[in-house]
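**Student:** any chance you could fold what I've pasted below:
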Amino acid sequence: MPPRFARRLSGALVIALLAAAAVRALGGTPDAVVVTLVGAVAAGLAAMGIRGPAPAASGPAGPDVGQILDEVLDGIAEPVLLVRGKRVTCANAAARALLGRHIVGEDVRVAIRHPAAADRLAGEAPLPGRPVELVGLGAPDQRWEMRIGETSDGARIVHLVDQSGRHAAEKMRVDFVANASHELRTPLASILGFVETLTDGAGDDPALRARFLKVMFDEAQRMQRLIEDLISLSRIEGEKYRLPAERVDIGELLEDVYAELAAGGGDRVVDVTIGFEDDLPAVVGDEVQLSQLIHNLVGNAMKYGRPGSPVTATVGRDGSGMIRFTVTDEGEGIPAQHIPRLTERFYRVDAGRSRSIGGTGLGLAIVKHIVERHRGRLDIASKVGVGTTVSVALPPAEPDRPTVTAEATVIKG
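**Tutor:** Numbers count the residues shown, from 1 in each chain. The predicted structure follows:
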């Protein structure tokens, strides 16, 4: 490359970087910075009329400017296309991966096969206004925003921003608020209805008054459990990326939970059997959260297993060296199509039955987040008419640390 062209190219790149920095300093978004940077580089190259390396009169050959532009575009993680007229003249690696390697040279409306994109790209110049939302481009569940900029020589820069994750998070938030509102509204409506009935004179009958008060008390307890679970889930999610630091003996923790269940009474406690292997290493975890995990899983097995059927909770090593806690019940089982969604907030296989036995619909969601924080694995297996097995695998403590040793296998039930 002749020296004067090298100087002009360097100047164009410096101006491009300064323009991008200025946009950012003035409050521009990262997407605006990208469009500004790419547009300035493309405009500078076009203004100089550079298409490739020019032969030098003497000395080594200069760099391939076209290749440099391709490398700059490929360094951008999101799809970017350069359009002249209606033809795609340049596309980075992300654009080719999304739309196909054949798009360079095609009509941009054919390259981006979407009606909303075709309407916006039909004109010769970019239209002002909000970015265009493209639903289903690349995959049915993907959502993109198409943003268009213009270079000084009239070329257009088409920038696609993946919004699938943001849309999924927003949908999850909306669904969560709607479900939580519904779950709180139902017991509250019941309480208000019974209060109104008692106020109208039904409270004069002692037996009827006692029955109504019991229902109101049960509904108030249900609201309390739901609020406690919501607070617990929020706290666990807030600590998701902070690794726990305590050493916990899962076998001893299982014994403690069993003792609490036995002290609380209930017909199903006598059906619970627990056991763990000798010489199990401790795990590094949060004792309160792991206790809540055991409570939730054993409690679910007691609720959903058939009355009088056994519930077995065990702790032992698995083939991969993980410490595995397993709970098995003999109940109606869960159809296969429901299993992938069991850990969603408020998801229930049988909503009526779950509410009738006091379930909040958040138990397995809490379990999933506890397992994720402990870098473990949650497995659910079920067969209709036979029962369900839920297991949690947790990594043991570091081998160079002392381990907790159990004196003997303990079996209770």
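**Student:** any stretches of the protein with poor pLDDT?
**Tutor:** Counting by pLDDT under 70, the chain shows low-confidence ranges at 1-66, 69, 123-129, 202-203, 351-359, 399-413.
**Student:** so what's the backbone phi/psi at the residue nearest the centre of it?
**Tutor:** Centrality entry for the chain: nearest residue to the mean C-alpha point is Ala169, 7.3 Å, by Cα atoms, centre = their mean. Backbone torsions of Ala169, given as degrees, to the nearest 10, read phi -70, psi -40.
**Student:** my guess is Leu253 meets Leu290, correct?
**Tutor:** Yes. Using Cβ atoms under 8 Å, Leu253 is in contact with Leu290, at 5.9 Å. (Glycine included, C-beta is placed from N, CA and C.)
**Student:** more neighbours: which of the two?
**Tutor:** Just comparing Leu253 and Leu290: by other Cβ atoms under 10 Å the higher neighbour count belongs to Leu290, 25 against 20.
**Student:** can you tell me the SS state at the more buried one?
**Tutor:** helix (DSSP: H, G, I helix; E, B strand; the rest coil).
**Student:** now do it against Gly266, distance only.
**Tutor:** Here the criterion is Cβ to Cβ, to the nearest Å. By it, Leu290 lies 22 Å from Gly266.
**Student:** which parts of the chain are strands?
**Tutor:** 80-84, 87-91, 132-135, 143-150, 156-162, 246-248, 272-276, 283-285, 311-317, 323-329, 377-383, 387-394 (DSSP state E).
**Student:** got those as CSV, with mean neighbour count columns?
**Tutor:** Listed next are the strands of the chain as CSV, based on neighbours: other Cβ atoms under 10 Å:
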stretch, mean neighbour count
strand 80-84, 22
strand 87-91, 20
strand 132-135, 18
strand 143-150, 20
strand 156-162, 22
strand 246-248, 18
strand 272-276, 20
strand 283-285, 23
strand 311-317, 20
strand 323-329, 23
strand 377-383, 15
strand 387-394, 21
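**Student:** got the ones you listed as TSV, with distance to Asp175 columns?
**Tutor:** Formatted as TSV, these follow (distance: least, Cβ to Cβ, whole Å):
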stretch	distance to Asp175
strand 80-84	33
strand 87-91	37
strand 132-135	18
strand 143-150	17
strand 156-162	21
strand 246-248	34
strand 272-276	34
strand 283-285	30
strand 311-317	32
strand 323-329	28
strand 377-383	21
strand 387-394	24
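**Student:** closest to Ala336 out of the ones you listed?
**Tutor:** Nearest to Ala336 among the strands of the chain is strand 377-383; the distance by Cβ to Cβ comes to 7.8 Å.
**Student:** just the CA trace of that closest one, in CSV.
**Tutor:** Extracted in CSV, the C-alpha atoms of strand 377-383 (Å, rounded to 0.1, in the frame of the first residue of the first chain):
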residue,chain,number,x,y,z
ARG,A,377,-27.7,-32.3,39.7
LEU,A,378,-31.4,-33.0,40.1
ASP,A,379,-33.0,-36.1,38.6
ILE,A,380,-36.7,-37.0,38.5
ALA,A,381,-37.9,-40.4,37.4
SER,A,382,-41.6,-41.6,37.6
LYS,A,383,-43.8,-44.3,36.3
